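1. Mind folding the following:
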Amino acid sequence: MTAPVVTIREVADADLPIFFEHQTDPMANEMAVVPARDRPAFDANWVKIRANPTGVARTIVADGVVVGMVLCWLDGDDRMVGYWIGREFWGRGYATRGLDLTIAGIADRPLLASIADSNVGSQRVVEHCGFVRVAEHVEDDGVIELIYRLD
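-> The predicted structure is shown next:
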């Protein structure tokens, strides 16, 4: 069996309905400890993402199928990364490969990722990409966020 070919590309308008569906999955929301956005809030957020001149947004494609996305943005002085994979594609290495391909094209370091302590899958993804856990903090809602750094 041949491994799927995983690539990244610029986000296209046709990707957004797929991303919207991915982010409404209750199991994914629970794991990431991130609430789903309704359609107007989702669309407004993507207008901001795509208009950000310092941001990077990539679609992850496996064998021609959109499986998720990777984002990189400035949060104050910190350059953050995040990603979302459709649940039907979890456990296949797509997040790791998509993140790895994306960060290879970003010269700025360090890169940071903030991951809920309950999201073990995402912790493994960033660790496979060379990130090291450097801190943790408790959010106002009680969620423990683990901070990972790639120099």
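2. Please make it C-alpha for all contacts and neighbour counts, starting now.
-> Will do.
3. so where do the helices sit in the chain?
-> 16-23, 26-32, 39-51, 94-104, 120-128 (DSSP state H).
4. tell me, which of the ones you listed is the model least confident about?
-> Ranked by mean pLDDT, the helices of the chain bottom out at helix 26-32, which scores a mean of 89.
5. which one is the spatially most central residue of the chain nearest to, not counting chain neighbours?
-> The centre of the chain sits closest to residue 83, judged by Cα atoms, centre = their mean, with a distance of 0.7 Å. Leaving aside its sequence neighbours, residue 83 sits nearest to residue 70 (Cα to Cα, 6 or more residues apart in numbering; 4.2 Å).
6. Can you give me the neighbour number for the one you found?
-> Using other Cα atoms under 10 Å, residue 70 has 23 other residues around it.
7. does it really touch residue 60, like I thought?
-> Yes - between residue 70 and residue 60 a contact is recorded at 7.2 Å, counting by Cα atoms under 8 Å.
8. Name the residues contacting each of the two.
-> Listed as contacting both residue 70 and residue 60 by Cα atoms under 8 Å, 6 or more residues apart in numbering are residue 98.
9. Grab the longest strand from the chain for me.
-> Determined from DSSP state E, the single longest strand within the chain is strand 65-75.
10. So which elements touch it?
-> Packing partners of strand 65-75 (3 or more Cα pairs under 8 Å, 6 or more residues apart in numbering; DSSP states H and E): helix 16-23, strand 56-62, strand 78-85, helix 94-104.
11. Point out the most buried one among these.
-> Stretch with highest mean neighbour count among the helices and strands packed on strand 65-75: strand 56-62 (a mean of 22; mean count of other Cα atoms under 10 Å).
12. Check the model's average confidence along that strand for me.
-> pLDDT averaged over strand 56-62 gives 97.
13. sorry, back to before: now tabulate the helices and strands packed on strand 65-75 in TSV and tack on distance to residue 149.
-> Shown next, in TSV, are the helices and strands packed on strand 65-75 (distance: least, Cα to Cα, whole Å):
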stretch	distance to residue 149
helix 16-23	25
strand 56-62	18
strand 78-85	9
helix 94-104	12
